[in-house]
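1. Got a sequence here, can you model it:
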Amino acid sequence: MQHSETGQGHTALVVGASGIAGSALVNLLAGTGWDVLALTRSGAVLPGARSIAADLGSPESLAAALAGERPTHVFFTAWSRQDTEQDNIRVNAALLRNLLGAVAHSPVRHVALMTGLKHYLGPFEAYGEGEMPDTPFHEEEPRLPVANFYYNQEDELWTAAERQGFTWSVHRAHTVIGHAVGNAMNMGLTLAVQASLCKELGRPFIFPGSETQWNSLTDMTDSGLLAEHMVWAATDDGAANQAYNVVNGDVFRWRWMWPRLAAYFGVEPVGFEGEPRPLEIQMQGMEQTWADLAARNVLAEPDLGRVSSWWHTDGDLGRIIEVLADMSKSRVAGFTGYRRTLDSFTDLFDRFRADRLIP
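-> Take a look at the predicted model:
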């Protein structure tokens with residue numbers, strides 16, 4: 001764990017607090033002495049935090065919910081998936097703009113914004129358009145000449161920082177895995193559910209992605225490490241007003257990782273063979289199978305749609321370009337956090353089992 005200071009006297013507003021990144025932030029901040037405000041649409045109750053229910057799409061809702069609050073640090077991890085990137089821009093830029101407007105009365109010192117490596121790749125609908133930078137991706141690469149809501153969110157952040165006088169940081173993560181249910185982009189739980197269904201049915205554990213992803217180097221981001229990184233940038237004066245990549249620090253190939261994940265679940269690993277085999281096809285019609293498995297094993301969530309995001313894992317593992325990020329900028333600035341990705345997976349699977357999310 002790495003911070004420049006404890007949270008004594010600080011109040012953190014975590015936006016998107018029930019998600020993969022947000023829940024990890026709440027755990028870390030609450031455990032190190034911060035007062036934590038956990039903002040979600042539903043007002044979800046999270047240990048160690050005071051829950052706030054608000055609609056990020058409504059300035060009025062936010063103004064009412066935050067009128068009596070005085071956060072010193074804001075951690076923004078929320079987003080809303082839309083059908084097109086133009087809609088992503090319109091909606092997600094407004095979510096951040098509305099939130100920052102709602103805390104204009106507060107003594108906010110720093111705002112940390114989570115984005116991702118689609119900063120370098122382009123959005124889902126425009127992967128690889130424009131001239132892609134070489135891997136590993138470096139923060140100083142220019143923006144791609146395509147619409148991308150990450151760019152608009154950065155612009156909103158910088159405009160508000162100049163107007164309201166806070167420092168900022170941007171955190172570009174890659175395939176965050178962590179503990180959250182009902183999240184739209186949760187590869188860790190998705191693969192755990194895939195493997196559990198394969199074991200239930202006596203099927204092999206088939207890699208769903210492309211030949212490029214099977215053979216190329218890649219990396220990932222543990223939600224706990226992301227939380228440490230965001231708190232570090234928010235509390236270390238020398239780290240402020242910068243954009244940073246944030247990944248675990250190791251690299252791997254899926255052809256190495258896949259058999260090890262299979263071994264954890266006791267299923268037969270099958271790698272890339274000729275063409276991708278997407279999970280949306282492999283797992284089609286599995287809703288009742290999962291419900292039956294959940295009932296027999298007394299699992300916490302019988303709804304398959306709440307514990308899997310086939311589309312996201314297919315998109316991530318189906319890419320035909322190598323994807324990995326350089327962490328040198330953070331290292332030079334003083335952040336030394338590290339995770340071994342295999343351990344991130346297996347520790348997460350252990351936690352899913354303990355919480356009765358998988359058998």
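
2. And the helix or strand encompassing Thr289, what's buried?
-> Using DSSP states H and E, Thr289 maps to helix 287-297. By neighbour count with 16 or more other C-beta atoms under 10 Å, helix 287-297 contains the buried residues Trp290, Leu293, Ala294. (Glycine included, C-beta is placed from N, CA and C.)

3. okay if I get these as JSON lines plus pLDDT and distance to Gly165?
-> Formatted as JSON lines, the buried residues of helix 287-297 follow (pLDDT from 0 to 100; distance: C-beta to C-beta, whole Å):
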{"residue": "Trp290", "pLDDT": "98", "distance to Gly165": "50"}
{"residue": "Leu293", "pLDDT": "98", "distance to Gly165": "53"}
{"residue": "Ala294", "pLDDT": "97", "distance to Gly165": "50"}
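
4. now, which of those residues sits nearest Arg172?
-> Trp290 (33.4 Å; C-beta to C-beta).

5. any weak-confidence spans in the chain?
-> Along the chain, segments meeting pLDDT under 70 span 1-8, 127-130, 182-184.

6. List the contacts of the very next helix or strand once past the helix holding Thr289.
-> Heading C-terminal from helix 287-297, the first helix or strand you meet, by DSSP H and E, is helix 304-307. The contact list for helix 304-307 (C-beta atoms under 8 Å, 6 or more residues apart in numbering) reads 181-182, 189-190, 193, 283, 286-287, 290-291, 301, 357-358.

7. And the residues you listed, which of them are buried?
-> Buried among those by 16+ other C-beta under 10 Å: Val181, Leu189, Thr190, Val193, Met283, Met286, Trp290, Glu301, Leu357, Ile358.

8. Among the residues you listed, which lie within helices?
-> Secondary structure from DSSP state H places Leu189, Thr190, Val193, Trp290 of those in helices.

9. Can you verify my assumption that Gln194 contacts Phe205?
-> Yes - counting by C-beta atoms under 8 Å, Phe205 is a contact partner of Gln194 at 7.0 Å.

10. Find the nearest non-adjacent residue to Leu189, please.
-> In this structure, Leu189 finds its nearest non-sequential neighbour in Val307, 5.6 Å apart by C-beta to C-beta, 6 or more residues apart in numbering.

11. Report how many residues lie close to the one you found.
-> When neighbours are defined as other C-beta atoms under 10 Å, Val307 has 24 of them.

12. Check the gap between it and Gly271 for me.
-> Going from Val307 to Gly271 by C-beta to C-beta, to the nearest Å gives 24 Å.

13. With Asp236 instead?
-> Distance from Asp236 to Gly271, by C-beta to C-beta: 42 Å.

14. And the closest residue to Ala104 other than its chain neighbours, how far from Leu113?
-> Excluding the flanking residues, the one nearest Ala104 by C-beta to C-beta, 6+ apart is Gln164, at 5.7 Å. Applying C-beta to C-beta, the value for Gln164 to Leu113 is 14 Å.

15. Look at these two and report which has more neighbours.
-> More neighbours surround Leu113 than the other of Gln164 and Leu113, with 23 against 15 (other C-beta under 10 Å).
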